[in-house]
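>>> quick one, what's the 3D model for this:
(2 chains)
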Amino acid sequence: MENKPNLLTIKDLHASIEGKEILKGVNLVIRPGEVHAIMGPNGSGKSTLSAVLTGNPAYTVTGGSADFGGKDLLSLSPEDRSHEGLFLSFQYPVEIPGVSMVNFMRAAVNEKRKYFNQEPLSASDFLKLMREKRAIVELDNKLASRSVNEGFSGGEKKRNEIFQMAMLEPKLSILDETDSGLDIDALRIVAGGVNKLKTENNATIVITHYQRLLDYIKPDFVHVLYKGRIVKTGGPELALELEEKGYDWIKEVCDKNQE
Amino acid sequence: MRYDTKVCLYVETELQDDEMKSSEDKEKNKKKENEEIIQNAANSDYKYGFVTDIDMHIIPKGLNEDVIRYISQTKNEPEWMLDFRLNAYRYWLTLKVPTWAHLDIPEIDFQDISYFAAPKQKEGPKSLDEVDPEVRKTFDKLGISLEEQMRLSGIAVDAVMDSVSVKTTYKERLAELGVIFCSISEAIKDYPDLVKKYLGSVVNYRDNFYAALNSAVFSDGSFVYIPKGVRCPMELSTYFRINAKDTGQFERTLIVADDDAYVSYLEGCTAPMRDENQLHAAIVEIIVEDRAEVKYSTVQNWYPGDKDGKGGIYNFVTKRGLCRGDFSKLSWTQVETGSAITWKYPSCILQGDNSVGEFYSVAVTNNHQQADTGTKMIHMGKNTRSTIVSKGISAGLSQNSYRGLVKVLPKAANSRNFTQCDSLLLTDTCGAHTFPYIDVQNDTSVVEHEATTSKINEEQIFYCNQRGISTEDAIGLIVNGYAKEVMAKLPMEFAFEAQKLLSISLEGSVG
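Numbers count the residues shown, from 1 in each chain, chains lettered A, B, ... in the order given. Alright, predicted model coming up:
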């Protein structure tokens, strides 16, 4: 595993929204097969990091670099980042009325195939793939034929995100607070889906407030993001420590250092 | 019954029946559509903007009684038809161009237009092989290769190029059922009694400026008669195309569904790209008798002008149906993506008790396009019902207006109307306007009006982007989703084209 090239290398990444700097020099290296948890108090820049990596136009990168499998990630369009294998499970999945999940996923899958000069999937192959991947998160057929996220419960939306992840087979998945709003059964199904999709060639970033999700998705590394920087990195035990002691002790150390 | 001058073709096809198809087939078709949308989205220009190089017979510009006599004579019309035209013309002379619509219409010089253009051909073609190859190429480019259309879809096509109906397919098979589907010129010759009875009975030449103009100079169009108790086994379709320069197109369509009859009728329109504006002023009249039903679907894609607003068709159309019989039903479905200016209000007069009127519309405007479109539902009979679903989509610098009238007359007891009127804005520079008029004179009636206005959601676009779908394609998906309720009312073959059109006409509209 050590010999594999890095999947993602973020160096001194700075980003802002509406002139306000949120990320103030993030450094992070992710190798294939790894699971990284990013934790931190509200407003520390966790969701901004996922938005910047996926190319959300609301944010402006003001410095630093991100290499994704040998490509300059920050110079790619959001859709090319997706084709290259970057996936974001949205904290608030968006509803698209009147667009069926089938049509939506078909467009997504075939756009990716086009990017790699592959023929589009035939209707029957595509439906077969849908059936297969749906099973991973126990998403029933009715949901798959409804409009994208429309009228889905909170749990269904999150399962639907993981279903899409299964369809697109990304190299790096970012789960942005996938546990928020989930009851314990839904959490188990969603986490189970993520674990089933894990291979030694892909990697996952789990953004969460709570240790609870990490009981199901075991991280190799835990990072604490605070005021736009990763201020502490450790193993799974760090998450347990945070659960027990909160963030105040980290905040104090950081704020003191800054002074 | 004889059809001497036009070609008749026999085609063995199965009836297109949605219900008979398995849902999987439908799904497959949907997929195909989507692929096509994506593929076609790549070429963003108006793809119907070619000019066909054929020998045209065009009369000099200008309008006077001699021109009208000439048109009537050229078409070998009977005296009563000439009188009809001349009456309309004389009345038209007393009228002024209407200005009440929310449109900025440049002054039109009605003497600077040629009122008749026809592909030159001495005699009517006797078979497909005899049709001018250039004309056929045009239709091939339009994607309505007649042979293929007939073979694949079982649609009877009447293609009107400029003013003359080039060829009506399928006629004899329909004739076995007593269905008449021919050009209006033929109908005037072959079925004078029917034409005399119905022509102008719904849209009188005194109705409005453009109706008077059309009644005076109309050159061709389609005539449909479905006899008592006959369910027309295939969709009837007319393709309109303007080709010649400096000409106006004035078609006239007349559809009559006798007691217990049913017909689904499709109309498609395209025109070449030209720098100057061209006038199109059509009339569609529909008469629906007891328990009969007519579905009228339009995909209007006249050339909308270029990105700077140069050129494009002025589309001033009067479409109206009379639900004369009890329990009769008329349904208008329109997808409007073309024309520089659209002025069009397909309407239903619900005269028969328990008659039903429907209007489903998607109107897209981009760049400098202007549309003022909607419907009128006039409730006269008891227990009459009407539904209006209008979806406006505006982009660029365009102005998109919905104008609707729901009128309930004193005798229309227990009548009902439901109106839903949605506007979607794609840019900050376009405008969406709604002018609903409601006039209820009966206190047992219920009229509902719902309206929404929204701007395309950037989060939706980013969500699609993150899944690998480009912004252009994302807009196509989102807009088609928004318009789905209306698109679902279109016959399948049209739905493909309409979906593609929606995506294509909005390309580059969100920066």
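>>> can you give me the strands in the stretch 301-450 of chain B?
B:312-323, B:329-336, B:341-344, B:347-350, B:356-365, B:370-379, B:385-394, B:399-408, B:416-425, B:431-440, B:446-455 (DSSP state E, counting those that start in this stretch).
>>> let's have the ones you listed in TSV, adding mean pLDDT.
Converted to TSV, these look like this (pLDDT from 0 to 100):
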stretch	mean pLDDT
strand B:312-323	90
strand B:329-336	92
strand B:341-344	88
strand B:347-350	95
strand B:356-365	92
strand B:370-379	92
strand B:385-394	93
strand B:399-408	92
strand B:416-425	92
strand B:431-440	91
strand B:446-455	90
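>>> helices or strands up against the helix or strand bottoming out on mean pLDDT in chain A?
Taking mean pLDDT, DSSP states H and E as the measure, the helix or strand of chain A with the lowest value is helix A:141-145, at a mean of 76. Helix A:141-145 sits against helix A:101-115, helix A:123-136, helix A:154-168, with contacts defined as 3 or more CB pairs under 8 Å, 6 or more residues apart in numbering or on different chains; DSSP states H and E. C-betas here are computed from N, CA, C, even on glycine.
>>> which stretches of the chain have low pLDDT?
Because you didn't say which chain, this covers chain A. Applying pLDDT under 70 to chain A picks out residues A:1-3, A:259.
>>> that answer is for a different chain, and I need it for chain B
Chain B contains residues with pLDDT under 70 at B:1-58, B:118-172, B:240-247, B:269-276, B:493, B:507-511.
>>> middle-most residue in chain A, spatially?
With distances taken as CA atoms, centre = their mean, A:Ile174 lies nearest the centre of chain A, 1.1 Å away.
>>> got a list of what that one touches?
A:50, A:53-54, A:86-89, A:204-205, A:207 (CB atoms under 8 Å, 6 or more residues apart in numbering or on different chains).
>>> any idea how many residues pack against the closest residue to chain A within the stretch 251-400 of chain B?
The minimum distance from the stretch 251-400 of chain B to chain A, using CB to the nearest CB, falls at B:Lys391 (10.1 Å). For B:Lys391, the count of nearby residues is 24 (other CB atoms under 10 Å in any protein chain shown).
>>> correct me if wrong: it contacts B:Tyr482.
Yes. The criterion here is CB atoms under 8 Å, and B:Lys391 meets it with B:Tyr482 at 6.4 Å.
>>> for these two, list the residues in contact with both.
Both B:Lys391 and B:Tyr482 are contacted by B:422, B:424, under the criterion CB under 8 Å, 6+ apart.
>>> so how far is A:Arg146 from the residue in the stretch 101-250 of chain A that chain B sits nearest to?
Nearest residue of the stretch 101-250 of chain A to chain B (CB to the nearest CB) works out as A:Ala108 at 4.1 Å. For A:Ala108, the distance to A:Arg146 equals 16 Å [CB to CB, to the nearest Å].
>>> between these two, point out the one with more neighbours.
Between A:Ala108 and A:Arg146, counting by other CB under 10 Å, A:Ala108 is the more crowded of the two (22 against 17).
>>> pretty sure that one is touching B:Ile469, no?
Yes. Using CB under 8 Å, A:Ala108 is in contact with B:Ile469, at 5.7 Å.
>>> residues in contact with B:Lys376?
By CB under 8 Å, 6+ apart, the neighbours of B:Lys376 are B:320, B:345, B:347-348, B:404-407.
>>> again, only using 6 Å
By CB atoms under 6 Å, 6 or more residues apart in numbering or on different chains, the residues touching B:Lys376 are B:345, B:347, B:405.
>>> mind listing the strands for the stretch 1-150 of chain A?
Using DSSP E, counting those that start in this stretch, the strands of the stretch 1-150 of chain A run over A:8-17, A:20-30, A:35-39, A:60-68, A:71-72, A:86-89, A:96-100, A:147-148.
>>> the closest residue to B:Ser339 other than its chain neighbours: how many residues sit nearby?
Excluding its sequence neighbours, the residue lying closest to B:Ser339 (CB to CB, 6 or more residues apart in numbering or on different chains) is B:Asn315, at 3.9 Å. Per other CB under 10 Å, the neighbour tally for B:Asn315 reads 27.
>>> again with the one 10 residues further on
Close neighbours of B:Gly325, defined as other CB under 10 Å, add up to 24.
>>> again, but for B:Ser264
Neighbour tally, B:Ser264, other CB under 10 Å: 20.
>>> identify the residue nearest it in space, chain neighbours excluded?
Among residues not flanking B:Ser264 along the chain, B:Lys295 sits closest, at 4.3 Å (CB to CB, 6+ apart).
>>> that neighbour against B:Ser331, yeah?
Yes. Assessed by CB atoms under 6 Å, B:Lys295 is found in contact with B:Ser331 at 4.7 Å.
>>> helices of chain B, residue ranges please.
Ranges of helices within chain B are B:23-40, B:65-74, B:79-93, B:133-141, B:146-148, B:171-176, B:184-190, B:192-198, B:209-217, B:458-466, B:471-482, B:484-487, B:492-505, based on DSSP state H.
>>> could I get the ones you listed as TSV with mean neighbour count and distance to chain A?
Below are the helices of chain B laid out as TSV (neighbours: other CB atoms under 10 Å in any protein chain shown; distance: least, CB to the nearest CB, whole Å):
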stretch	mean neighbour count	distance to chain A
helix B:23-40	16	5
helix B:65-74	16	46
helix B:79-93	17	44
helix B:133-141	17	25
helix B:146-148	16	22
helix B:171-176	17	32
helix B:184-190	22	38
helix B:192-198	15	39
helix B:209-217	24	35
helix B:458-466	22	4
helix B:471-482	24	3
helix B:484-487	19	4
helix B:492-505	22	10
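>>> okay if I get those helices as a markdown table plus distance to A:Tyr115?
Shown next, in a markdown table, are the helices of chain B (distance: least, CB to CB, whole Å):
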| stretch | distance to A:Tyr115 |
| --- | --- |
| helix B:23-40 | 12 |
| helix B:65-74 | 57 |
| helix B:79-93 | 58 |
| helix B:133-141 | 31 |
| helix B:146-148 | 33 |
| helix B:171-176 | 48 |
| helix B:184-190 | 52 |
| helix B:192-198 | 57 |
| helix B:209-217 | 50 |
| helix B:458-466 | 13 |
| helix B:471-482 | 13 |
| helix B:484-487 | 28 |
| helix B:492-505 | 19 |
